[in-house]
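Peer 1: Mind folding the following:
(one chain, ligands or ions: 2)
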Amino acid sequence: MYQAPRGTQDILPEDEPYWRQVEKQMRRQARLANYGEIQTPTFEETGVFARGVGATTDIVEKEMYTFLDKGGDSMTLRPEATAGIVRAYLQRGMASRPQPVKLFMLLNTFRYDKPQKGRFREFHQIDFEAIGEADPSVDAELVALHWRLYAELGLRDLSLQVNSIGDHNCRPAYIALLADYFRQHLDGLCEECQRRLETNPLRLLDEKRPQCQAVLEGAPRSADHLCDACRAHFETWLSYVEAAGIPFEINSRLVRGLDYYTRSVWEVWPPVVGAQSTLGGGGRYDGLAEQLGGRPTPGVGFASGVERIILEIKDQQVDMPSPTAPDVFVVYQAEGGKLAAFRLAEELRAQGISADLSFGDRKLGKQLSAADRARARFALILGEDELASGTVTLKDLQSGGDQRRVSRHDLVSVLRQADAATQ
Ligand SMILES: [Zn+2]
Ligand SMILES: [Zn+2]
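Peer 2: Ligands and ions are numbered 1, 2, ... in the order given. Sure, this is the predicted structure:
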């Protein structure tokens, strides 16, 4: 027997309400703030991510699904959304549209990561981007959208963590200062941190291992070393977030895992912070378009893992709608009944009424229990009497099994009335 590859999942119909709810809320928030949907390819030339996400990130160093295609070109299954969207922005001439270009996408993403609760090798993300505008009020709009998305899904007690990590102007000096500080405190750092210090000192601030925390607590803070332009951007951003009525916490350890971030970074944390602390995060990436060979183009966006959101919805026991169920389940008796039942189900479907029926010549009792298991609102019984008289027996499965005889002619309007009455 084959098994699904490690770290992948089969999403079954019983989880559908969660997925549907998250997707519905994503589309609703996109519409409320005028973001347009984009779809980019599942794989890109490897350079899009190697250059875009950054060669020294965990993603590029060890988590990418990279392969040579039959033409000998190196391709990579997307490990995130932003680099591909910015590639599309550049390639499709979106710089000539009114700026910012506001886009969203629901996508599958691939990272060869250690599978654990809520973390998969193929997972899904909601992604929002606003490209082509440096104004910090755009950052605030995205934070507000991100926050509202979770709030409207029913999630409570979240916290918004914010920071600024500077730009090409002030970040190099800050990173040098940080590296100096860490070199003076090598004894307090684990081997992994010591290794990272040589490639990407900023990423040490992400470190979760307890033995490194004392050194990290004393590290210089990026927000204290911003140039005037970055400081003004940070302050304006936060004043707009405040204007949106969203409480936040400045977190000097927040740097995000991807190299392309500049200035604003944020994460939203659940009330119980476990191994997977963040529900979603984002930031500004003013240097990314140039990394990908385009003209300097500011941009800002966020992503949130759908599996991670659903885990939180379940943890917080938010009410979800029931999985979809058919309006009617057609139950038939005798030889001639089956064809009539099939025809009736098709007629109802053509009228927009969802219908199901049993296959394979099951007995009437078996068919009725199938109707129950399908959680159908009504069983439509087609017995010999009904067939002869051009009627059906309508059995209401959700109100204790009340039965009544209805003529075939009136059936659709009776079902529509019942449907209207329950809404
Ligand atoms: Zn460490
Ligand atoms: Zn700066």
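Peer 1: Show me which residues of stretch 42-50 are buried.
Peer 2: F43, E44, T46, V48, F49, A50 (16 or more other C-beta atoms under 10 Å). Placement of C-beta: from N, CA and C, glycine included.
Peer 1: For that stretch, measure first residue to last.
Peer 2: 16 Å (C-alpha to C-alpha, to the nearest Å).
Peer 1: out of the buried residues of stretch 42-50, which touch ligand 1?
Peer 2: Among the buried residues of stretch 42-50, no residue lies close to ligand 1 (C-beta under 5 Å from the ion).
Peer 1: Verify the contact between A33 and E141 for me.
Peer 2: Yes - counting by C-beta atoms under 8 Å, A33 touches E141, with 6.3 Å between them.
Peer 1: quick one: which of these two has more around it?
Peer 2: More neighbours surround E141 than the other of A33 and E141, with 22 against 16 (other C-beta atoms under 10 Å).
Peer 1: and T236, how many neighbours does it have?
Peer 2: Here the count is done by other C-beta under 10 Å, and T236 has 15 residues near it.
Peer 1: So the nearest residue to it once chain neighbours are set aside versus ligand 2, what's the distance?
Peer 2: In this structure, T236 finds its nearest non-sequential neighbour in P136, 4.4 Å apart by C-beta to C-beta, 6 or more residues apart in numbering. Separation of P136 from ligand 2 (C-beta to the ion, to the nearest Å): 13 Å.
Peer 1: so what pLDDT did P136 get?
Peer 2: Looking at P136, its pLDDT stands at 98.
Peer 1: do the same with T422
Peer 2: Confidence score, pLDDT, at T422: 69.
Peer 1: separation between the residue of the stretch 1-150 of the chain found nearest ligand 2 and V300?
Peer 2: Using C-beta to the ion, the single residue of the stretch 1-150 of the chain nearest to ligand 2 is A134, 12.0 Å away. A134 sits 9 Å away from V300, going by C-beta to C-beta, to the nearest Å.
Peer 1: Look at these two and report which has more neighbours.
Peer 2: V300 (32 against 18).
Peer 1: Find me the pLDDT at the residue in the stretch 251-400 of the chain that ligand 1 sits nearest to, would you?
Peer 2: Residue of the stretch 251-400 of the chain nearest ligand 1, by C-beta to the ion: R253 (12.9 Å). Here, the pLDDT recorded for R253 equals 89.
Peer 1: correct me, but it touches L205?
Peer 2: Yes - at 4.8 Å, R253 and L205 qualify as touching, with contact defined as C-beta under 8 Å.
Peer 1: if I look at the two, which residues touch both of them?
Peer 2: L216 (C-beta atoms under 8 Å, 6 or more residues apart in numbering).
Peer 1: For the two, indicate the residue with more neighbours.
Peer 2: Comparing R253 with L205 by other C-beta under 10 Å, the one with more neighbours is L205, at 20 against 16.
Peer 1: Neighbours of the closest residue to ligand 2 within the stretch 301-423 of the chain, how many?
Peer 2: Nearest residue of the stretch 301-423 of the chain to ligand 2: G301, at 19.8 Å (C-beta to the ion). As a burial measure, G301 scores 26 neighbours (other C-beta under 10 Å).
Peer 1: do Q29 as well
Peer 2: The burial count for Q29: 22, using other C-beta under 10 Å.
Peer 1: Quick one: mean pLDDT for the helix or strand containing it?
Peer 2: If you go by DSSP states H and E, Q29 is part of helix 16-32. For helix 16-32, mean pLDDT rounds to 97.
Peer 1: swap in stretch 62-82?
Peer 2: Stretch 62-82 comes out at a mean pLDDT of 96.
Peer 1: Is ligand 1 within reach of stretch 166-185?
Peer 2: No - Stretch 166-185 does not reach ligand 1 (C-beta under 5 Å from the ion); its nearest approach is 10.1 Å.
Peer 1: buried set for that stretch?
Peer 2: Applying 16+ other C-beta under 10 Å to stretch 166-185 flags G166, D167, C170, R171, Y174, I175, L177, L178, A179, F182, H185 as buried.
Peer 1: how does the protein divide into domains?
Peer 2: Each domain of the chain is listed here as a residue range: 13-170+226-315, 328-414, per automatic domain parsing.
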